[in-house]
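**Student:** Predicted model, plus sequence, below.
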Amino acid sequence: MPLAKPRAIPFFRKILTVTSTAQTDTDLRSLLNDVLGLGPARAEALTADSGLFGALPELDSMAVAGLLTEIEDRFDVVIDDDDVDGETLATYGALLAFIARKREEA
């Protein structure tokens, strides 16, 4: 007799998603601190609406390439040139959502 397929448990999946999102948030703050030298207090103070590119002097066009490379390394994702536009780096929340999407694709 074949074994029955395991059923998905929506509650458990939701817990994993929340934990994963919280960990991604923590890791992104650490990355921004390390790459841009924001300092722990500034990185922690970022909200979803906090501006990044054009708002943080540390995040200029030269820093973007380094930031994207570090995101690929730390989050184990691949970022194609077509993936990034002005909205991706507009706010902290947009960047966090972008990374979450890329992690789901991986």
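**Tutor:** Cool, the structure landed.
**Student:** what ranges of this protein fall below the confidence cut-off?
**Tutor:** 1-19 (pLDDT under 70).
**Student:** ranges for the helices of it?
**Tutor:** 10-36, 40-45, 61-75, 92-105 (DSSP state H).
**Student:** so of the ones you listed, which one's packed in deepest?
**Tutor:** helix 92-105 (a mean of 17; mean count of other C-beta atoms under 10 Å). C-beta here means a position set from N, CA and C on the backbone, and glycine is covered the same way.
**Student:** Quick check: closest non-adjacent residue to Val78.
**Tutor:** Nearest residue to Val78 in three dimensions, chain neighbours excluded: Glu72, at 6.3 Å (C-beta to C-beta, 6 or more residues apart in numbering).
**Student:** Any figure for the gap between Arg74 and Glu44?
**Tutor:** 18 Å (C-beta to C-beta, to the nearest Å).
**Student:** Nearest approach to Asp83 belongs to which of the helices of the chain?
**Tutor:** Asp83 sits nearest to helix 92-105 of all those, at 7.4 Å, using C-beta to C-beta.
**Student:** residues near Leu52, how many?
**Tutor:** By other C-beta atoms under 10 Å, the residues close to Leu52 number 21.
**Student:** Could you double-check that it lies in contact with Gly93?
**Tutor:** No. Here Leu52 lies out of contact with Gly93, judged by C-beta atoms under 8 Å, at a distance of 9.7 Å.
**Student:** got the contact list for the residue nearest to Arg42 when sequence neighbours are not counted?
**Tutor:** Leaving aside its chain neighbours, Arg42 sits nearest to Asn33 (7.7 Å; criterion: C-beta to C-beta, 6+ apart). By C-beta atoms under 8 Å, 6 or more residues apart in numbering, the contact set of Asn33 is 39-40, 42-43.
**Student:** okay, those in TSV with distance to Gly66 next?
**Tutor:** Listed next are these as TSV, based on distance: C-beta to C-beta, whole Å:
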residue	distance to Gly66
Gly39	18
Pro40	19
Arg42	18
Ala43	16
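**Student:** Please determine how far the residue nearest to Val78 is located from Pro40.
**Tutor:** If you go by C-beta to C-beta, the gap between Glu72 and Pro40 works out to 23 Å.
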